[in-house]
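*Asks:* With the input below, show me the fold.
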Amino acid sequence: MRPSLVRQILLLLGLAFLPAIGQALYFRNVASWHQPPVDSGLVSIAQAKSWGDTVLWVDARPEQDFARGHVPGAMLLNEDEWDAQLRTFLTAWSPERRVVVYCSAKSCNASHAVAERLRNEVGLTNIYVLEGGWEEWQKRTP
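*Replies:* Residues are numbered from 1 along each chain as shown. Prediction:
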């Protein structure tokens, strides 16, 4: 192979990798596993409220936050005390109820994690995550 052809191939390969290198540098502090999972079960406050008494509200925040305030009628179910709290949750749950899980804010992933566990480990359906979480609830609810 001619040296000029090798240089041209290397130049083309370098140019082809340039966008990937730029993206890697730009997003270097944003790992994909730090992002909340894409959740088709997101629900707005208005939609969840429209379901009325069929909603079982689940607070995925730590117990201290729950004690300071929560959605009326919500029950505590977080990953820290999963086994103990799951029993209580299951006594209140029934198949016709819709479960809406929330945590502190839109950036909080605890609600997504609890919703996934309810779907995958417990095998429940009708599991939703409240958009904006407790923070949004406080803004939108008088």
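
*Asks:* now the strands: where do they sit in this protein?
*Replies:* With DSSP state E as the criterion, the chain has strands at 42-43, 55-59, 75-76, 98-102, 127-130.

*Asks:* who does the fourth one touch, helix- and strand-wise?
*Replies:* Helices and strands touching strand 98-102, as assessed by 3 or more CB pairs under 8 Å, 6 or more residues apart in numbering; DSSP states H and E, comprise strand 55-59, helix 110-120, strand 127-130, helix 133-140. (Glycine included, C-beta is placed from N, CA and C.)

*Asks:* Please state the offset of the second one from the chain centre?
*Replies:* Looking back up the chat, that one is helix 110-120. Here the centre of helix 110-120 is set off from its chain's centre by 8 Å, with CA atoms, centre = their mean, to the nearest Å.

*Asks:* The first one too?
*Replies:* Here strand 55-59 is found 15 Å from its chain centre; the criterion is CA atoms, centre = their mean.

*Asks:* Show residues contacting that strand.
*Replies:* Applying CB atoms under 8 Å, 6 or more residues apart in numbering, the external contacts of strand 55-59 come out as 48-49, 65-66, 70-78, 89, 92-93, 97-103, 114, 134.

*Asks:* picking that back up, for L10, which of the strands of the chain is the nearest?
*Replies:* L10 sits nearest to strand 42-43 of all these, at 46.7 Å, using CB to CB.

*Asks:* Could you list every helix and strand in contact with that closest one?
*Replies:* strand 127-130.

*Asks:* Could you spell out the sheet neighbours of the strand it packs on, each with its direction?
*Replies:* strand 42-43 (parallel), strand 98-102 (parallel) (DSSP bridges).

*Asks:* ok, back up a step: got a quick ChimeraX command for the buried subset of the contacts of strand 55-59?
*Replies:* Only the buried entries of the contacts of strand 55-59 go into this ChimeraX selection, using 16 or more other CB atoms under 10 Å:
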select :48,65,66,70,71,74,75,76,77,78,89,93,98,99,100,101,102,103,114,134
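
*Asks:* Return the alpha-carbon coordinates of the helix ranked longest in the chain using PDB.
*Replies:* For the chain, the longest helix by residue count, based on DSSP state H, is helix 3-26. This file holds the C-alpha atoms of helix 3-26, laid out as PDB (Å, rounded to 0.1, in the frame of the first residue of the first chain):
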ATOM      1  CA  PRO A   3       1.900   5.800   2.200                       C
ATOM      2  CA  SER A   4      -0.400   8.500   0.800                       C
ATOM      3  CA  LEU A   5      -3.300   6.000   0.700                       C
ATOM      4  CA  VAL A   6      -2.700   4.900   4.300                       C
ATOM      5  CA  ARG A   7      -2.700   8.600   5.400                       C
ATOM      6  CA  GLN A   8      -6.000   9.200   3.500                       C
ATOM      7  CA  ILE A   9      -7.600   6.200   5.200                       C
ATOM      8  CA  LEU A  10      -6.400   7.300   8.600                       C
ATOM      9  CA  LEU A  11      -7.600  10.800   8.000                       C
ATOM     10  CA  LEU A  12     -11.100   9.600   7.000                       C
ATOM     11  CA  LEU A  13     -11.300   7.300  10.100                       C
ATOM     12  CA  GLY A  14     -10.200  10.200  12.300                       C
ATOM     13  CA  LEU A  15     -12.900  12.500  10.700                       C
ATOM     14  CA  ALA A  16     -15.500   9.700  11.200                       C
ATOM     15  CA  PHE A  17     -14.700   9.400  14.900                       C
ATOM     16  CA  LEU A  18     -14.700  13.200  15.400                       C
ATOM     17  CA  PRO A  19     -18.500  13.500  16.200                       C
ATOM     18  CA  ALA A  20     -18.300  10.500  18.700                       C
ATOM     19  CA  ILE A  21     -15.300  12.100  20.400                       C
ATOM     20  CA  GLY A  22     -17.100  15.500  20.600                       C
ATOM     21  CA  GLN A  23     -20.200  13.800  22.100                       C
ATOM     22  CA  ALA A  24     -18.100  11.900  24.600                       C
ATOM     23  CA  LEU A  25     -16.400  15.100  25.800                       C
ATOM     24  CA  TYR A  26     -19.600  17.100  25.900                       C
END
